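**Q** What would the 3D arrangement of this be:
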Amino acid sequence: MAQNTAIKVNETSRSAVGRDGVLDIAARLFREQGYGSVSLRKIAEAAGIKAGSIYYHFGSKDEIVAAVLDAGIRVVHASMRDAITDLRADTDGETVLRAAIRAHLRALLDVSDYTSANVRIFGQVPQSVRDANLPTRRAYEAEWDSLLSQLKKDGTLKQDVDIRRLRLMLIGTLNATLDWFDPDRGSADALSRTYADVFLNGILQRQDT
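**A** Just a heads-up that it's a prediction; the model follows:
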């Protein structure tokens, strides 16, 4: 009898991982190993639960993936939006743009497995999962478009700048840092300053004429 009680207590403890716990573990595994290498069984083993227990919370692996993708975008979106909101109303446009770049990079590289998992596996998942994530992704892109359009309106950006192309370049370049960023060789903050300098000032040494 005592042995059976111990088994029940152990199983209850394992099932206490919960939906959020499963997502946290899945996000870390997707970030580290990609989409194809991570199975429901592998997620369950990392969570210390039986594979069947996952079905209490999710109907399939792709349902977990969809939740991870949405959470990843929301984390970086909230980080960028909060960084802008925290600035004074009279903050100059360059400082605003630098703050947005810094917030995106920090969320991507320092804050959450979800953000980096999103960038790593988005191109690997089935089209149906990508389509499901598009509304969340589009909302973040719209936030950038709105910011860049305002900076163009107030004269911070050149009037001939194509907002959509600039946003694609910015986000694409920032996301690509996941492939090579090494925290032992520098911080996300330092990297954001370097990137902002290049975006805002260019790379060519111009001579006065």
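**Q** so how far is the helix or strand in which residue 137 is found off the chain centroid?
**A** In this assignment (DSSP states H and E), residue 137 forms part of helix 127-153. Relative to the mean C-alpha coordinate of its chain, helix 127-153 is positioned 13 Å out (CA atoms, centre = their mean, to the nearest Å).
**Q** Buried residues, that helix. List them.
**A** 129-130, 132-133, 136-137, 140-141, 143-144, 147-148, 151-152 (16 or more other CB atoms under 10 Å). (Each C-beta comes from the backbone N, C-alpha and C, glycine too.)
**Q** Would you mind putting the CA coordinates of the helix or strand just after that helix into CSV?
**A** The first helix or strand that comes after helix 127-153 along the chain, using DSSP H and E, is helix 163-175. C-alpha atoms of helix 163-175 as CSV (Å, rounded to 0.1, in the frame of the first residue of the first chain):
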residue,chain,number,x,y,z
ILE,A,163,9.2,51.8,-45.0
ARG,A,164,8.3,48.2,-45.8
ARG,A,165,11.8,47.4,-47.3
LEU,A,166,13.5,49.2,-44.4
ARG,A,167,11.4,47.2,-41.8
LEU,A,168,12.2,43.9,-43.7
MET,A,169,15.9,44.8,-43.6
LEU,A,170,16.0,45.8,-40.0
ILE,A,171,14.1,42.8,-38.6
GLY,A,172,15.8,40.3,-40.9
THR,A,173,19.3,41.6,-40.0
LEU,A,174,18.5,41.6,-36.3
ASN,A,175,17.0,38.1,-36.3
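**Q** if I look at the residue positioned nearest the centre of the chain, how far off is residue 63?
**A** Central residue of the chain (CA atoms, centre = their mean): residue 115, 2.1 Å from the mean position. Distance of residue 115 to residue 63, computed by CB to CB, to the nearest Å: 20 Å.
**Q** that older thread, quick check: which helices or strands does the helix holding residue 137 pack against?
**A** Judged by 3 or more CB pairs under 8 Å, 6 or more residues apart in numbering; DSSP states H and E, helix 127-153 is in contact with helix 61-85, helix 93-106, helix 163-175.
**Q** Need these in a markdown table (columns: mean pLDDT, mean neighbour count and distance to residue 198).
**A** Shown next, in a markdown table, are these (pLDDT from 0 to 100; neighbours: other CB atoms under 10 Å; distance: least, CB to CB, whole Å):
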| stretch | mean pLDDT | mean neighbour count | distance to residue 198 |
| --- | --- | --- | --- |
| helix 61-85 | 95 | 20 | 19 |
| helix 93-106 | 95 | 20 | 10 |
| helix 163-175 | 95 | 15 | 9 |
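**Q** These into TSV, with extra columns for distance to residue 25?
**A** Putting those into TSV (distance: least, CB to CB, whole Å) gives the following:
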stretch	distance to residue 25
helix 61-85	10
helix 93-106	23
helix 163-175	23
